Structures are given as C-alpha cells and as structure tokens.
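Asker: sequence and predicted structure, then a few things I'm wondering about:
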Amino acid sequence: GCELVKEPGCGCCMTCALAEGQSCGVYTERCAQGLRCLPRQDEEKPLHALLHGRGVCLNEKSYREQAKIDRDSREHEEPTTSEMAEETYSPKVFRPKHTRIS
C-alpha cells in the first residue's frame with residue numbers, strides 16, 4: 001500500500017502520496033506526511049521550478065540544514081564579479097539638473 005492523500009485540484013479523490021526524493025510541484029500529487037515539495041538547492045528560479053513540477057519531496061529540516069551548509073561554504077569562496085562591482089562603485093550621487101540660461 002501507500003499513504004493516501006487528497007489528489008491535487010478538487011481534492012475529492014484519494015491518491016498515493018509522493019515519497020522522499022520524488023519529483024513534485026504545485027500541480028502534482030502531494031508529498032507524504034513530514035515531507036514538503038521544495039525546489040532543488042541549485043535551482044536558479046525556485047518558484048518557476050515548482051510551477052513546472054521540478055521540485056523534490058524532501059524533509060524540510062534536512063533541506064534547511066543543507067542550505068545553511070551551502071551558504072556557509074559559499075562565504076569562503078572568492079567574491080564574484082558582480083559582488084566586487086557592488087563594493088567598488090559608489091552609488092549614484094544626486095546632481096540637480098542644469099537650468100537653461102536665456
């Protein structure tokens with residue numbers, strides 16, 4: 001057997017829940033109890049991925065721990081070009097517009 005959950009959409013019928021590691025999304029079957037449909041760690045467009053069924057059923061606690069590890073390891077990498085540019089260039093200074101002298 002499988003864990004029964006309400007189907008996506010109307011929720012009037014029952015269907016099997018998705019197991020840990022299975023692909024999921026906003027419009028797919030629901031993940032099993034204790035799991036959530038989350039974007040993959042390296043996903044550039046997380047919401048887009050979930051809308052297109054490219055999420056994965058994961059235990060949220062382990063997902064958050066992995067995200068923290070990834071964040072911590074990135075802090076020790078060399079800064080990217082855009083990060084360096086943010087630090088190098090000062091914000092635009094407000095200059096009043098020139099008025100025309102007649």
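Answerer: Looks like it arrived, so ask away.
Asker: quick one, what contacts the residue sitting nearest the centre point of the chain?
Answerer: Nearest to the mean C-alpha position of the chain, by Cα atoms, centre = their mean, lies Pro46 at 3.5 Å. With contacts defined as Cβ atoms under 8 Å, 6 or more residues apart in numbering, Pro46 is in contact with Pro39. Heads up, the C-betas are built off the backbone N, CA and C, glycines and all.
Asker: may I have the phi/psi pair for it?
Answerer: phi -60, psi -40 (degrees, to the nearest 10).
Asker: okay, and for this structure, where does confidence drop off?
Answerer: Along the chain, segments meeting pLDDT under 70 span 76-102.
Asker: mind listing the strands for it?
Answerer: Using DSSP state E, the strands assigned to the chain run over residues 4-6, 14-16, 23-24, 36-38, 55-58.
Asker: pick the most deeply packed of those strands.
Answerer: strand 55-58 (a mean of 23; mean count of other Cβ atoms under 10 Å).
Asker: neighbouring strands for it, and are they parallel or not?
Answerer: strand 23-24 (antiparallel), strand 36-38 (antiparallel) (DSSP bridges).
Asker: as JSON lines, the ones you listed with distance to Cys10 would be great.
Answerer: Putting the strands paired with strand 55-58 into JSON lines (distance: least, Cβ to Cβ, whole Å) gives the following:
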{"stretch": "strand 23-24", "distance to Cys10": "18"}
{"stretch": "strand 36-38", "distance to Cys10": "19"}
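Asker: so which of those strands is nearest Cys2?
Answerer: Closest approach to Cys2 among those (Cβ to Cβ): strand 23-24, 14.7 Å.
Asker: I'd say Leu51 and Cys37 touch.
Answerer: No. Using Cβ atoms under 8 Å, Leu51 is not in contact with Cys37, being 11.1 Å away.
Asker: any residues in contact with both of those two?
Answerer: 25-26.
Asker: if we can go back for a sec, okay, the strands of the chain in JSON lines with distance to Lys68 next?
Answerer: Listed next are the strands of the chain as JSON lines, based on distance: least, Cβ to Cβ, whole Å:
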{"stretch": "strand 4-6", "distance to Lys68": "29"}
{"stretch": "strand 14-16", "distance to Lys68": "32"}
{"stretch": "strand 23-24", "distance to Lys68": "23"}
{"stretch": "strand 36-38", "distance to Lys68": "14"}
{"stretch": "strand 55-58", "distance to Lys68": "14"}
